[in-house]
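*Asks:* Got a predicted model here, sequence first, then my questions.
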Amino acid sequence: MNFEGMLNPTARDMAPSGIRKYFDMINEMKGVISLGIGEPDFVTPWNISRAGIRSIEEGHTHYAPNSGYGALRQEICKYVNRKYGLAYSPDDQTLVTVGGSEAIDLILRSIITSGDEVIVLEPYFVAYKPCVELAGGIPVIINLKAENEFKLTAEELEEKITAKTKAIILNFPNNPTGAIMTGDDLDAIVGVLKDKDIFVISDEIYAELTYEGKHVSIASYPEMYDKTILVSGFSKAFAMTGWRLGYALGNSKVIDIMFKIHQYSIMSSSSSSQYAAIDAMRNGDKEVEMMRDEYNRRRRIMHKGFNDMGLACFEPKGAFYMFPCIKSTGLTSDEFSEQLLLEEKVLVVAGDAFGTAGEGFVRATYATSMGNIIEALKRIERFSRKRQRD
């Protein structure tokens with residue numbers, strides 16, 4: 001059988017995630033401090049886990065409704081209204097998904113036809129570009145710049161919009177850079193988009209991990225509300241990565257198409273995860289605040305550490321990542337990451353795993369203990385100072 005000729009060429013030729021290489025390496029190493037995994041080091045708060053456990057004990061182990069339990073959809077709508085002033089209907093504007101990643105995939109498959117262009121901001125979360133391509137779209141890249149704190153500018157956006165532009169993917173607070181977009185920043189972007197028939201896919205999974213000011217959603221602009229599909233979930237703020245639960249909010253016509261694809265491909269999200277998420281929405285604010293405060297403490301230590309050792313790093317004001325520049329070492333991002341792992345047993349992720357605009361940088365997460373951060377910074381400084389001298 002001619003397998004090569006019979007496989008989907010887009011999937012066949014797709015490169016594997018650039019992150020996996022490093023995790024495969026540490027599987028055979030001991031004593032590694034990992035600053036690589038974008039996952040909270042906190043366990044899910046007990047009250048949330050207890051709600052999931054109780055649901056199993058009470059026999060709620062059957063299929064959930066395709067769009068998610070009505071109680072959860074109501075709590076999601078109450079939550080985003082309370083937090084960000086956004087009004088959505090739980091009946092026809094809300095869809096519960098298997099993580100935010102499924103929501104992004106569903107949106108793209110719902111709106112993209114072959115040849116449509118989707119603007120993707122580099123550095124980007126690793127799934128964006130492949131999902132665009134698998135949906136038949138063409139990724140159009142905007143390279144964000146460190147001197148702009150990796151924010152999107154109106155000029156950069158206008159330059160890339162064409163008659164074929166169907167959507168733009170925004171991710172603020174950002175993975176991998178930690179950049180945010182303030183209300184003033186978004187004003188200029190809205191000025192470009194408000195009169196154009198372009199969807200905005202706004203991935204706001206890190207919204208609660210904003211350290212200065214308050215997160216602003218582009219969906220809060222009246223002229224952007226209908227054309228924005230907001231994606232979020234429970235993994236990051238509530239430390240629920242393993243529960244695999246997310247959601248999408250948007251115009252009912254888009255959500256309806258997403259629902260049909262979700263119905264046939266996934267059917268429904270985990271019942272116990274949804275019961276846990278209901279409790280998270282109702283009672284999780286205090287735990288989120290505690291975790292955010294601890295991330296903020298780590299953020300300040302790591303930011304100072306990188307700059308003190310000569311690896312210039314802008315101050316990220318969201319998520320839980322640093323994106324320091326390693327060009328002063330004379331190494332590529334991949335060389336820096338691999339040699340640091342082999343010599344000092346510290347795992348960071350090469351910046352080019354997030355697109356070519358990430359070359360010359362590495363991603364380090366502070367979603368680990370303060371002890372690990374302090375020790376890792378010592379090892380990274382020892383490693384980088386030697387290269388800088390050389």
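*Replies:* Ah, there it is.
*Asks:* Toward the C-terminus, what is the element adjacent to the lengthiest helix in the chain?
*Replies:* Assignment by DSSP state H gives helix 285-308 as the longest helix of the chain. As assigned by DSSP states H and E, the chain's next helix or strand after helix 285-308 is strand 321-322.
*Asks:* Quick check: buried residues in the worst-scoring helix or strand of the chain on mean pLDDT?
*Replies:* One helix or strand of the chain scores below all others by mean pLDDT, DSSP states H and E: helix 20-26, with a mean of 71. Within helix 20-26, the residues that count as buried by 16 or more other C-beta atoms under 10 Å are Tyr22, Ile26. Using the backbone N, CA and C atoms, a C-beta is placed for each residue, glycine as well.
*Asks:* So what's the gap between it and the chain middle?
*Replies:* Its chain's C-alpha centre and that of helix 20-26 lie 20 Å apart, by C-alpha atoms, centre = their mean, to the nearest Å.
*Asks:* can you check stretch 369-381 too?
*Replies:* For stretch 369-381, the distance to the chain centre is 24 Å (C-alpha atoms, centre = their mean).
*Asks:* can I get the CA coordinates of that stretch in PDB?
*Replies:* C-alpha atoms of stretch 369-381 as PDB (Å, rounded to 0.1, in the frame of the first residue of the first chain):
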ATOM      1  CA  SER A 369       8.400  26.500  43.300                       C
ATOM      2  CA  MET A 370      10.500  29.500  44.400                       C
ATOM      3  CA  GLY A 371      13.300  27.200  45.400                       C
ATOM      4  CA  ASN A 372      13.400  25.700  41.900                       C
ATOM      5  CA  ILE A 373      13.400  29.200  40.400                       C
ATOM      6  CA  ILE A 374      16.300  30.500  42.500                       C
ATOM      7  CA  GLU A 375      18.400  27.400  41.900                       C
ATOM      8  CA  ALA A 376      17.600  27.400  38.100                       C
ATOM      9  CA  LEU A 377      18.600  31.100  37.900                       C
ATOM     10  CA  LYS A 378      22.000  30.300  39.500                       C
ATOM     11  CA  ARG A 379      22.600  27.500  37.000                       C
ATOM     12  CA  ILE A 380      21.400  29.600  34.000                       C
ATOM     13  CA  GLU A 381      23.700  32.500  35.100                       C
END
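*Asks:* What residues sit buried inside that stretch?
*Replies:* For stretch 369-381, by 16+ other C-beta under 10 Å, it's Asn372, Ile373, Ala376, Leu377, Ile380, Glu381.
*Asks:* Now that we have the residues you listed, can you turn them into a markdown table and tack on pLDDT, secondary structure and distance to Ile107?
*Replies:* Below are the buried residues of stretch 369-381 laid out as a markdown table (pLDDT from 0 to 100; DSSP: H, G, I helix; E, B strand; the rest coil; distance: C-beta to C-beta, whole Å):
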| residue | pLDDT | secondary structure | distance to Ile107 |
| --- | --- | --- | --- |
| Asn372 | 97 | helix | 36 |
| Ile373 | 98 | helix | 35 |
| Ala376 | 98 | helix | 36 |
| Leu377 | 98 | helix | 38 |
| Ile380 | 98 | helix | 38 |
| Glu381 | 97 | helix | 42 |
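*Asks:* Which strands and helices lie in contact with the longest helix of the chain?
*Replies:* Packing partners of helix 285-308 (3 or more C-beta pairs under 8 Å, 6 or more residues apart in numbering; DSSP states H and E): strand 321-322, helix 370-389.
*Asks:* Quick check: which of those is nearest to Glu28?
*Replies:* Smallest distance to Glu28 across those (C-beta to C-beta): 18.9 Å, for helix 370-389.
*Asks:* just the angle between the closest one and helix 285-308, please?
*Replies:* Helix 370-389 runs at 20 degrees relative to helix 285-308, counting by axes from the mean of the first three to the mean of the last three C-alpha atoms, to 10 degrees.
*Asks:* Now do helix 370-389: which elements does it pack against?
*Replies:* Counting by 3+ C-beta pairs under 8 Å, 6+ apart, helix 370-389 packs on strand 33-34, helix 285-308, helix 333-344, strand 346-347.
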